[in-house]
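1. Model the structure of this input:
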Amino acid sequence: MTETSGAPTDVASLSFEQARDELVRVVAELEQGSPTLEHSLALWERGEALAARCEEWLLGAKRRLEAARASTPRDEGGEA
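-> Modelled structure (predicted):
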C-alpha cells in the first residue's frame with residue numbers, strides 16, 4: 001500500500017504523517033468500492049492498523065506534552 005513493490009510497509013515503522021496519509025488513501029479506496037470482498041477486507045484491516053498507529057503517535061505526543069507541563073515551574077497563581 002505504501003511501497004510500490006507491492007508489499008505494504010510495516011505499520012509500526014511509519015511516522016504519524018505517513019500513517020495518516022496512507023489511511024486517507026485507504027479510506028478513499030474503500031469509499032470508491034473494491035472489485036472483490038477480499039480486497040475490501042484487506043483494505044479495512046490495513047486501515048484499522050493505520051488508525052491504531054496514528055492513535056499511538058497522538059497518545060505519545062499527549063504524554064510528552066503532559067510531562068513537559070508537569071516539569072514547568074508554576075508561580076503561586078497557578079500559571080507558568
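
2. Going by neighbour count, list what's buried in the longest helix along the chain.
-> Longest helix of the chain, by residue count under DSSP state H: helix 37-71. Within helix 37-71, the residues that count as buried by 16 or more other C-beta atoms under 10 Å are 43, 46-47, 49-51, 53-54. The way it works is simple: take the backbone N, C-alpha and C, and place the C-beta from them, glycine included.

3. now, which of the residues you listed sits nearest residue 30?
-> Nearest to residue 30 among the buried residues of helix 37-71: residue 43, at 5.3 Å, using C-beta to C-beta.

4. my guess is that closest one meets residue 34, correct?
-> Yes: counting by C-beta atoms under 8 Å, residue 34 is a contact partner of residue 43 at 6.5 Å.

5. So what does residue 9 look like in phi/psi?
-> phi -70, psi 140 (degrees, to the nearest 10).

6. could you measure it against residue 46, distance?
-> To residue 46, residue 9 is 10 Å away according to C-beta to C-beta, to the nearest Å.

7. And residue 38, by the same measure?
-> With distances taken as C-beta to C-beta, residue 38 is found 13 Å from residue 46.

8. how about the nearest residue to residue 53, chain neighbours excluded?
-> residue 19 (4.3 Å; C-beta to C-beta, 6 or more residues apart in numbering).

9. Where does the one you found fall, secondary structure wise?
-> Per DSSP states H and E, residue 19 falls inside helix 16-32.

10. Show me what counts as buried in that helix.
-> Buried residues in helix 16-32, counting neighbours by 16+ other C-beta under 10 Å, are found at 18-20, 22-23, 26, 29.

11. name the helices or strands packed onto it?
-> Where contact means 3 or more C-beta pairs under 8 Å, 6 or more residues apart in numbering; DSSP states H and E, helix 16-32 is packed against helix 37-71.

12. Now do the contacts for the residue nearest the centre of the chain.
-> Closest to where the C-alpha atoms of the chain average out (C-alpha atoms, centre = their mean) is residue 54, at 1.8 Å. Contact analysis of residue 54 by C-beta atoms under 8 Å, 6 or more residues apart in numbering lists 16, 19-20, 23.
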